[in-house]
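*Asks:* curious how this folds, go ahead:
(chains A and B)
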Amino acid sequence: MIDSRTGSVPGPRVWADVEDLFHYASVNPRPSGIQRVAFAIQRNLQAALAGTTRLRFVRHAGNPPRLQEVCWADVENVFSGLSLGLDEAAPARNPADPPPAALPKSWPLEIRHHLGRAAFRMSPRLRDPLLRAWLLQKHAAEEFKAALQARRMQPAPAPLLPPESGPPIRAGDVFLVLGAPWVHADFGALLRSLREDHGMRIALLLYDLIPALRPEWCTRELVENFRAWLAETLPLSDVVLAISRHTAEEAEGWAARAGIRLAAPVRPIPIGTELAREAKSGSPHPPGLPRPGSYILYVSTLEARKNHALLLRVWRDLLDEEQRDQRPSGAVPDLVFAGRVGWLVSDLLQQLESASWFDGRVRLVRDPTDTELRALYEGCLFSLFPSWHEGWGLPVTEALALGIPVLCSSASGLPEAGQTLARYCDPGDTSGWHRAVAALLDDPGELAAWRSQIRSRFQPTSWSATGRAILDALCERPMDVPAEPPR
Amino acid sequence: MTSVPTIWFDVEDLLHHFRSGMTRFSGIQRLAFEVYRAAENMEAGSGRVRFVRHGRDAEPRLVPVTWASLENRYRRSEAASVPSRRSAAAHTAEGGRPAGEAASGSAIVSEDVNARGGLPSAAATQARAIASLGEFGLALATHPAHKLAAAVGRAAARRAAAAALRSAVEEPGCSEPDFDGSAPISFEAEARPGDVLVALGSPWFMADYAKMVRWARDARRLRFVALMYDMVPANRPEWCHEGTVRTFRAWRDSVLPLSDLVLAISRNTAEEVRAWASRARIPLPGRVLPIPIGTGFSIDAKPAKPRPSGSAWPRNYVLFVSTLEARKNHALLVGVWRDLLDEERLGLRPTGSVPFLLFAGRVGWLVSDLLRQLENASWFDGRVQLIPDPTDAELAALYEGCLFSVFPSWHEGWGLPVSEALSLGVPVLCSSAGALPEAGGDLARYLDPGDAGAWRSAVAALIDSPGELASWRAKIRASFRPVPWSITAHAVLEAARSLA
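*Replies:* Numbering: from 1, shown residues only, chains lettered A, B, ... in the order given. Sure thing, here's the model as predicted:
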């Protein structure tokens, strides 16, 4: 805990691992959700501990691994380079994403149709290698492009310091891992060396266990890397933190089944309500967005785990009711998806294409800027979040912070994020969502009451609460921030 | 004028299928053929049931074909569709991955995609692309010409490719002239005013079908009857190819208004046709009439063991027989099984108590992301499996050995897999959507296809109480009454003749 009068911080020195941010920035133009949260925490810790020597930032490399200190300004620069990319760079595909199987949309429909039929009829002996050649060729082209782009963007690598001039680590110092380090080979070797050779303690923040528990939504490579990383890292960690009780329970369950004894129970920490956005309230309404009050909003990357497919079925049923005159014509609001097109959704997009995006009643606002997102939220009737699985739910707390009602999946960590102010439906129950959406459409008074309830009762969580909870955990002192959200 | 009009079945869509070189028939083609056969058997030799194809010239013309030639050609295709003739290597390639997912684009490179990026990785991918192209070339060079022709599909390209390859690759007996089958009679001489032209198949890919119908109606004074299977491409375009949506809608808008009678394979489909006509303010000239549908196709097949190329089927499994496509809702079952296997993993169920889940069917469209998810999850360590392109005999064996079957489809115009399963005494947990409750009657049990939780409970309940399952089975065996295809044919002929 920080003593506000003196600014002195009791407890050990903390070395925050930022290698994965630098690595990530070298191959991606935009920050991931994990990188954004890790950066928000690091920035808060940096601000809280400014003027002390308690917090340092380190990269690591080499075999045996060595640490290299970087200054906070470097970290900020790398991250803001990523954030700038958010608005300026072309929408980028995660290099782990598979190439879309569909033929380029720029080709005439007739040709795509006939080629599709031909491929469908072709013997697998012919089709498979041809299709594979096509996909690999597309992928190779994209890889070349990405590699060349990354070359241009990558900051000149600083030479690593020789071991003798490395940072002065003392026994009892903490190596704090807030990011996504399973991309590094030999991370376990690094942790072992830090513990055994330098007497450091290891602290780790877990976001979710999706690659370990729900491999269907992840590339095989990620699944294998993550599982191996988890099995190696958990036993080496002195403090394991989690972004929700749900993730904490999943981690403990996973460790128990894997026969791993944890040094201490996994500690959930509170998560800040909002990520820093460039958009300010009251900024002029950006042009070209759906008309305010005409739509219901789902802000999320399009990927299978996010369960956009459920909303398509709900909207199909609602539009059917409209067509059968069970609802006045035009009474069903548009469904607006806002986000990046991720992976495992090429079939979903093809379905929308075949259905002419439900005659225009379903829309996708691709790669929205912060300003556009804010305007989209402010103009929506309410928002939806039917995801199958989340470690926490920043989009939910962000919507609530703006006073927007959220019809939310009841799965995983989401009820912790939405507390009593979001309303919940089973992400596997299409009919339940249909009923809930229809009820809100049919009762504008109820929707207004919900809205005002959110506005009057929502209590934001600051990132400094997150930072405090982490420092408390590192000092092995009881947290003064309740992990239990109000029920 | 004779009192009984002749029924002319338009089999052009079937001939188109022969010409395409495809071997496997669609459900629609099989159903239509069963009705042709039953009608022919009922009316053998009377000359009051005849079959016509379209003329090959620009002007509308109908050409009678003989039943014997049609049946002969159909049987040949049927025999050729036994998948064991296909290369076993295609099923077991790439380290014994479950077969079939190869048909989905992105699954093919699931392990090939390198997440690391960078120039060396790009170069490696490029090399693999070239290698795959080489593989394709090799496969092409050793491929029977007519199958290549099938792949290309379109007639012009087909002829060009076949000609080119026939000269390059000698494989005797592999190319076949277009089906002709012309009967030694002429339509012009035989067809009389008041006769009925009946389209039972799927002719909506024919762009100028309405022109043919108008000619038959106005120039030849025939009545016209169409059979509708479902309105999916129009009402649920999200489950279809864009091209199918356009051609179906155009066909519906131009041909149904010309129909003196619209038959439907279920009350549900009849209702959808009526609803469309009323919404579109199109006064249909005649009624929309549901007809009874025969029980199925595979019920006569003798059960067969797994083909040698496939691995053995597990002992303890739940079966879903269906083409893999988005509409069939395989995704729901994947979620249900994931949850059940989670319970097993968490110790809430005894290890191994969750049966295998078997998908039996062709890999269709809009499922590449689903197959990729299964691939990512290693098919839930093999607990979910795919039996691609099963033969009728294999299907019979699969039904015989299953605990029960499931059919969670989002929409069906009827439900042949449901009536087939019941006819074999197999319990069916069935979607309550579309016409499925008509097909399953009171012997199947019904669930909302959008409610994964309900399916999980129902599957778990059946797994947990074998006694209950056995008594359901016994009830099905005791009370299921199969419907022969002659009932369907009789209904079609009666309805068509009533127009005269």
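
*Asks:* going forward, measure contacts between C-alpha atoms and count neighbours the same way
*Replies:* Fine.

*Asks:* could you list the low-pLDDT ranges of the stretch 201-350 of chain B?
*Replies:* B:298-302, B:304-311 (pLDDT under 70).

*Asks:* what parts of it come near chain A?
*Replies:* Within the stretch 201-350 of chain B, the positions near chain A by Cα under 8 Å from any Cα of the partner chain are B:236-243, B:245.

*Asks:* neighbour-wise, which of these leads?
*Replies:* Neighbour tally across those (other Cα atoms under 10 Å in any protein chain shown): the maximum, 29 neighbours, falls on residue B:238.

*Asks:* you'd agree it is up against residue A:359?
*Replies:* No: look at residue B:238 against residue A:359 with Cα atoms under 8 Å: they stay out of range, at 11.0 Å.

*Asks:* hang on, residue A:460 in a strand?
*Replies:* No: the assignment for residue A:460, made by DSSP: H, G, I helix; E, B strand; the rest coil, is coil rather than a strand.

*Asks:* state the number of residues packed around the residue nearest to it when sequence neighbours are not counted.
*Replies:* Of all residues not flanking residue A:460 in the chain, residue A:273 sits nearest, at 5.6 Å (Cα to Cα, 6 or more residues apart in numbering or on different chains). Per other Cα under 10 Å, the neighbour tally for residue A:273 reads 21.

*Asks:* am I right that residue A:273 is in a helix?
*Replies:* No: using three-state DSSP, the assignment for residue A:273 is coil, not a helix.

*Asks:* how about it, what does it touch?
*Replies:* Contact partners of residue A:273, counting by Cα atoms under 8 Å, 6 or more residues apart in numbering or on different chains, are A:394, A:397-398, A:401, A:460-463.

*Asks:* repeat that for 7 Å
*Replies:* Neighbouring residues of residue A:273 by Cα atoms under 7 Å, 6 or more residues apart in numbering or on different chains: A:394, A:397-398, A:460-462.

*Asks:* looking at the stretch 151-300 of chain A, which residue is nearest chain B?
*Replies:* Closest approach between the stretch 151-300 of chain A and chain B, counting by Cα to the nearest Cα: residue A:216, at 4.3 Å.

*Asks:* surely that residue touches residue B:371?
*Replies:* No: checked against Cα atoms under 7 Å, the pair residue A:216 and residue B:371 is beyond contact range at 9.5 Å.

*Asks:* where do the domain boundaries of the chain fall?
*Replies:* You didn't pick a chain, so chain A it is. According to automatic domain parsing, chain A comprises the domains A:1-272+A:461-487, A:295-460.

*Asks:* correction: the question concerned chain B.
*Replies:* Domains of chain B are assigned by automatic domain parsing as B:7-66+B:181-294+B:487-497, B:88-168, B:299-482.

*Asks:* all helices of the stretch 401-500 of chain B, in order?
*Replies:* Using DSSP state H, counting those that start in this stretch, the helices of the stretch 401-500 of chain B run over B:416-423, B:436-440, B:452-464, B:466-479, B:485-497.

*Asks:* helix/strand/coil for residue A:148?
*Replies:* Bear in mind the rule, three-state DSSP; under it residue A:148 is helix.

*Asks:* OK, contacts around it?
*Replies:* Residue A:148 neighbours (Cα under 7 Å, 6+ apart): none.

*Asks:* quick one: the strands in the chain?
*Replies:* In the absence of a named chain, chain A is used. Using DSSP state E, the strands of chain A run over A:14-17, A:55-61, A:66-70, A:174-177, A:201-206, A:239-242, A:267-268, A:295-299, A:334-339, A:362-366, A:383-385, A:406-409, A:423-425.

*Asks:* correction: the question concerned chain B.
*Replies:* Listed in chain order, the strands found in chain B under DSSP E are B:7-10, B:49-54, B:62-65, B:196-199, B:223-228, B:261-264, B:288-290, B:317-321, B:356-361, B:384-388, B:404-407, B:428-431, B:445-447.

*Asks:* note down every partner strand of the last one and its orientation.
*Replies:* Neighbouring strands of strand B:445-447 in its sheet, by DSSP bridges, are strand B:428-431 (parallel).

*Asks:* for the strand it pairs with, list the C-alpha coordinates in PDB.
*Replies:* The C-alpha coordinates for strand B:428-431 follow below in PDB (Å, rounded to 0.1, in the frame of the first residue of the first chain):
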ATOM      1  CA  VAL B 428     -34.300 -39.800 -31.900                       C
ATOM      2  CA  LEU B 429     -33.800 -36.600 -29.900                       C
ATOM      3  CA  CYS B 430     -35.100 -34.200 -32.400                       C
ATOM      4  CA  SER B 431     -35.400 -30.500 -33.100                       C
END
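
*Asks:* that one: how far from the chain's middle?
*Replies:* 19 Å (Cα atoms, centre = their mean, to the nearest Å).

*Asks:* now do the contacts for the closest residue to residue B:379 other than its chain neighbours.
*Replies:* What sits nearest to residue B:379 in space, not counting adjacent residues and going by Cα to Cα, 6+ apart, is residue B:385, at 6.8 Å. Taking Cα under 7 Å, 6+ apart, we find residue B:385 in contact with B:98, B:357-359, B:379.

*Asks:* next up, the contacts around the nearest residue to residue A:260 once chain neighbours are set aside.
*Replies:* Counting by Cα to Cα, 6+ apart, residue A:260 lies nearest to residue A:235, which is 6.3 Å off, once chain neighbours are set aside. Contacts for residue A:235 were tallied using Cα under 7 Å, 6+ apart; they are A:260-262.

*Asks:* so where is the chain shaky, pLDDT-wise?
*Replies:* No chain specified, so I'll use chain A. For chain A, the ranges with pLDDT under 70 are A:1-11, A:63, A:84-125, A:127-128, A:149-167, A:278-283, A:476-487.

*Asks:* chain B was what I was after
*Replies:* Counting by pLDDT under 70, chain B shows low-confidence ranges at B:1-2, B:81-122, B:124-125, B:139-178, B:298-302, B:304-311.

*Asks:* tell me the most buried of the domains of chain A?
*Replies:* Highest mean neighbour count among the domains of chain A (mean count of other Cα atoms under 10 Å in any protein chain shown): domain A:295-460, with a mean of 20.

*Asks:* and that one, how far apart are its ends?
*Replies:* End-to-end distance for domain A:295-460: 26 Å, by Cα to Cα, to the nearest Å.

*Asks:* one more: stretch B:402-412?
*Replies:* Termini of stretch B:402-412 sit 23 Å apart (Cα to Cα).

*Asks:* how about stretch B:293-303?
*Replies:* End-to-end distance for stretch B:293-303: 24 Å, by Cα to Cα.

*Asks:* what of stretch A:207-214?
*Replies:* One end of stretch A:207-214 to the other measures 14 Å (Cα to Cα).

*Asks:* do the same with stretch A:177-185
*Replies:* Using Cα to Cα, one end of stretch A:177-185 lies 15 Å from the other.

*Asks:* stretch B:3-20 near chain A anywhere?
*Replies:* No: shown here: stretch B:3-20 not in contact with chain A (Cα under 7 Å from any Cα of the partner chain), separated by at least 9.0 Å.

*Asks:* run through who's touching that stretch.
*Replies:* B:29, B:48-54, B:150, B:153, B:178-179, B:194-199, B:201-203, B:497, B:500.

*Asks:* which positions in it come out as buried?
*Replies:* B:5-20 (16 or more other Cα atoms under 10 Å in any protein chain shown).

*Asks:* which among the contacts of stretch B:3-20 count as buried?
*Replies:* Buried members of these, counted by 16+ other Cα under 10 Å: B:29, B:48-54, B:150, B:153, B:194-199, B:201-203, B:497.

*Asks:* so which of the strands of chain A is nearest residue A:139?
*Replies:* When the strands of chain A are compared by Cα to Cα, strand A:362-366 sits nearest residue A:139, at 21.7 Å.

*Asks:* which outside residues touch that closest one?
*Replies:* Residues outside strand A:362-366 that contact it (Cα under 7 Å, 6+ apart) are A:334-340, A:357.
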